[in-house]
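# My questions concern the predicted model and sequence given below.
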Amino acid sequence: MRRRFLAAGVIIAALSAVATAAAGLLELRDYASSLSHGGKRLHLGSEITAAEAGAPQTFLVIGSDARVAERRKGIRGNSDTMILVRLDPAQRASALLSIPRDLKVTIDLPSGAVKTAKINNAYFEGGPRLTVQTIRRVLHVEVNHVVNLNFRAFKEAVNRIGCVYVDIDRRYFNADALAYATIDVQPGYQKMCGEKALDYVRFRHDDSDLVRAARQQDFLRHAKDQVGVRRIIEDRKQFVRLFGRYAETDIRGTDEILQIFKLCAFSVGRPIREVHFRTTLGPSFVTSSPQQIDETVNEFLNGGGPGAPPPAAATGRAHRRPRPSSSSSGLEPDKQFGEDEARQLAGAVHFPVLYPRLRLAASTYVDPPRAYGIDDYDGRHHEAYRLVLRQGIGDYYGVQGMSWPDPPILTGARPARGPGGRRFELVYDGDHLRLVAVRTPGAVYWVSNTLLLSLTNRQMLAIARSLTPAGR
């Protein structure tokens, strides 16, 4: 009897496995069908490289700046965004590399002529195929798949995931619709949805191509950290339909989709590392030497470079005392201006306002300090404020305070102790500190690095240690 029960159990388990596998295969076929019939297929021929099963893959995500009326006339426009995404099971992180749209390159035109222009012009001259060809030749990197998105796809996807909380470094404003898209986004940690999120990531009126690329990568990092794989899986059919409706891609067939699903599964829980393109800024173009390109691509192919230091190393760094007036640190005492900023918030929030007694020597406070409200995931309202300092063109850092005790930006932060036992929470991007947070019984505060991570780890920790309530 026991043998019969055992045999029956094995048969039931086997049938369940077959049924599960069949259901999964049918769902994969449904995904393949959505991609095949929902959107236009990209025919890229030999410009893309087929990847072996289980091998790392590089995806090129293109966003076009052509308006609807232009597309109806057959006008492609230039590529507004070009981001390479590297998924590699052997690395500890997935890597993002934004290609500067103003990068000076030579483009081999379909007519046989050669043109010197910005790399985003390759899309206008020959669409995604010429874009891939140019990227391969300039960066010497193989591309396995291409996804070409329009702006509506981005807005719909952001709204579908319930919007994204983003740490906005400064005010983004433009009212001249003839020159650039209009925008009015205030500084501070906040929830970004649809059109507002698109305006934010596309903004290029008052900063460099590199800052803009870093802003786009930062938004994607926030989205990935907050949405998580579980939400995508639970809502997968809607996302696939959305993808099929608004995207052009070469991805087709059950086998290709299965390979990508497996690769994504290996990447679950791993951080996204932002690789900054090494360039030299010019008046019209961004240039990059062969050595700069090689260093950038090498970092990208290796998961964004070395991993973040272990907690012990982070704690050890936090114990080092900064030298505020030392020229080597790049910091200077600034009690007067910092406290003046904090006093402007008196009565605007009902928790202590902390300000930094140190600042970068070349930085200045910009715009009035902002007091505002923010709702958490459950709709509970919290008070918040933001102090903003400008280091250079398009490069801003600041201090954030709020009564929301557990904002998603601090999920996974590393604990550390500083002098006098003061506790910090550290958020790294590779080896660089992106945030240094401090908690009190009624609020949480953090120092935000610039989008280009211009502040050193030592500077970030020193500024965080100098946070002081107004009046002291």
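Alright, I've got the coordinates.

# what residues go with each domain of the protein?
27-156+206-301, 311-469 (automatic domain parsing).

# where among those is the average confidence lowest?
Of all the domains of the chain, the minimum mean pLDDT falls on domain 27-156+206-301 (a mean of 79).

# Now residue 169. Nearest residue, chain neighbours left out?
residue 396 (4.3 Å; CB to CB, 6 or more residues apart in numbering). Heads up, the C-betas are built off the backbone N, CA and C, glycines and all.

# Residue 375 now?
In space, residue 375 is closest to residue 381, 5.5 Å off (CB to CB, 6+ apart).

# Pull the contacting residues for that neighbour.
With contact set as CB atoms under 8 Å, 6 or more residues apart in numbering, residue 381 has these partners: 373, 374, 375.

# and residue 359, how many neighbours does it have?
Neighbour count for residue 359, taken as other CB atoms under 10 Å: 24.

# Make sure it is indeed in a strand.
Yes: Residue 359: assigned to a strand according to DSSP: H, G, I helix; E, B strand; the rest coil.

# For this protein, which strand extends over the most residues?
Secondary structure of the chain read by DSSP state E shows that its longest strand is strand 381-392.

# Give the pairing partners of the helix or strand just after it; include direction for each.
Scanning forward in sequence from strand 381-392 by DSSP states H and E, the next helix or strand is strand 395-402. Within its sheet, strand 395-402 is paired with strand 381-392 (antiparallel), strand 443-448 (antiparallel), according to DSSP bridges.

# returning to that earlier point: could you give the bridge partners of the residue nearest to residue 169?
So, taking DSSP bridges as the rule, residue 396 has residue 390 as bridge partners.

# re earlier: any chance of the domains of the chain in CSV, plus distance to residue 190?
Formatted as CSV, those follow (distance: least, CB to CB, whole Å):
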stretch, distance to residue 190
domain 27-156+206-301, 11
domain 311-469, 6
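
# Ok, which of the ones you listed comes nearest residue 187?
Among the domains of the chain, the nearest to residue 187 by CB to CB is domain 311-469 (4.8 Å).

# Let me see the ranges of the helices in the stretch 301-450 of the chain.
Taking DSSP state H, counting those that start in this stretch, the helices of the stretch 301-450 of the chain run over residues 311-318, 335-343.

# Contact partners for the closest residue to residue 82 other than its chain neighbours?
The spatially closest residue to residue 82, leaving aside those adjacent along the chain, is residue 99, at 4.2 Å (CB to CB, 6+ apart). For residue 99, the contacting residues are 82, 83, 84, 119, 135, 139, 213, 277, by CB under 8 Å, 6+ apart.

# same question, residue 224
residue 272.

# Now name the helix or strand holding it.
For residue 224, the element it lies in under DSSP H and E is helix 209-234.

# and that helix, how far from the chain's centre?
From the chain centre to the centre of helix 209-234 is a distance of 4 Å (CA atoms, centre = their mean, to the nearest Å).

# For that helix, buried residues please.
Residues of helix 209-234 classed as buried: 209-227 (neighbour count, 16 or more other CB atoms under 10 Å).

# again with stretch 448-461
Those would be 448-455, 457-461, for stretch 448-461 by 16+ other CB under 10 Å.

# In helices, which of those residues appear?
Residues of the buried residues of stretch 448-461 located in helices (DSSP state H): 457, 458, 459, 460, 461.

# Quick one: classify residue 127 as helix, strand or coil.
helix.

# Not counting sequence-adjacent ones, nearest residue to residue 219?
The nearest residue in space to residue 219 (CB to CB, 6+ apart) is residue 201, at 5.2 Å.

# One more: residue 280?
residue 287 (5.0 Å).

# who touches that neighbour in this structure?
Residue 287 neighbours (CB under 8 Å, 6+ apart): 103, 104, 279, 280.

# Return the backbone torsion pair for residue 345.
Main-chain dihedrals, residue 345, degrees, to the nearest 10: phi -100, psi 10.

# contacting residues for the closest residue to it other than its chain neighbours?
Nearest residue to residue 345, sequence neighbours excluded (CB to CB, 6+ apart): residue 353, at 4.9 Å. Residue 353 makes contact with 342, 345, 346, 385, 401, 469, 470 under the criterion CB under 8 Å, 6+ apart.

# In this structure the first one contacts residue 401, no?
No: judged on CB atoms under 8 Å, residue 342 makes no contact with residue 401 at a distance of 9.6 Å.

# Pick out whichever of the two has more residues nearby.
In this view residue 342 and residue 401 are compared by other CB under 10 Å, and residue 401 has more residues nearby, 27 against 23.

# Distance of the spatially closest residue to that one that is not a sequence neighbour relative to residue 45?
Using CB to CB, 6+ apart and skipping the chain neighbours, the partner closest in space to residue 401 is residue 445 (4.5 Å). Distance, residue 445 to residue 45, using CB to CB, to the nearest Å: 54 Å.

# cool, and residue 112?
In terms of CB to CB, residue 112 sits 17 Å off from residue 45.

# more crowded one of those two?
The neighbour comparison of residue 112 against residue 45 (other CB under 10 Å) goes to residue 45, with 10 against 6.

# State the phi and psi torsions of the more buried one.
Dihedral pair for residue 45: phi 60, psi -130, per degrees, to the nearest 10.

# can you check residue 452 too?
Dihedral pair for residue 452: phi -90, psi 10, per degrees, to the nearest 10.

# Doesn't residue 204 belong to a helix?
No: Residue 204: not assigned to a helix; according to three-state DSSP it is coil.

# now it: how far from residue 174?
Using CB to CB, residue 204 is found at 10 Å from residue 174.

# do residue 418 as well
Residue 418 sits at a distance of 40 Å from residue 174 (criterion: CB to CB).

# which of those two has more neighbours?
The neighbour count for residue 418 versus residue 174, taken as other CB under 10 Å, is higher for residue 418 (20 against 16).

# just checking, the more buried one touches residue 465?
Yes: shown here, residue 418 and residue 465 form a contact pair, counting by CB under 8 Å, at 5.6 Å.

# circling back: restricted to strands, list the contacts of residue 99.
Per DSSP E, the contacts of residue 99 map to strands at 82, 83, 84.

# Throw together a ChimeraX command that grabs the buried residues out of these.
Selection command for ChimeraX covering only the buried members of these, criterion 16+ other CB under 10 Å:
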select :82,83,84
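
# Adding distance to residue 155, write the ones in strands among the contacts of residue 99 out as TSV.
Below are these laid out as TSV (distance: CB to CB, whole Å):
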residue	distance to residue 155
82	19
83	17
84	23
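
# Any idea what residue 79 is bridged to?
Beta-bridge partners, per DSSP bridges, of residue 79: residue 64.

# What's the local residue count around it?
Residues lying near residue 79 (other CB under 10 Å) number 25.

# same thing with residue 285?
Quick note: residue 285 (other CB under 10 Å) scores 19 neighbours.

# just checking, it touches residue 116?
No: assessed by CB under 8 Å, residue 285 is found out of contact with residue 116, at 9.2 Å.

# shared neighbours, these two?
residue 104.

# any idea which of the contacts of residue 381 is the one closest to residue 329?
residue 374 (32.9 Å).

# Now do the contacts for the closest residue to residue 288 other than its chain neighbours.
Distance criterion CB to CB, 6+ apart; nearest residue to residue 288, sequence neighbours excluded, is residue 279 at 4.7 Å. By CB under 8 Å, 6+ apart, the residues touching residue 279 are 100, 103, 209, 210, 286, 287, 288, 292.

# Noted, bye for now.
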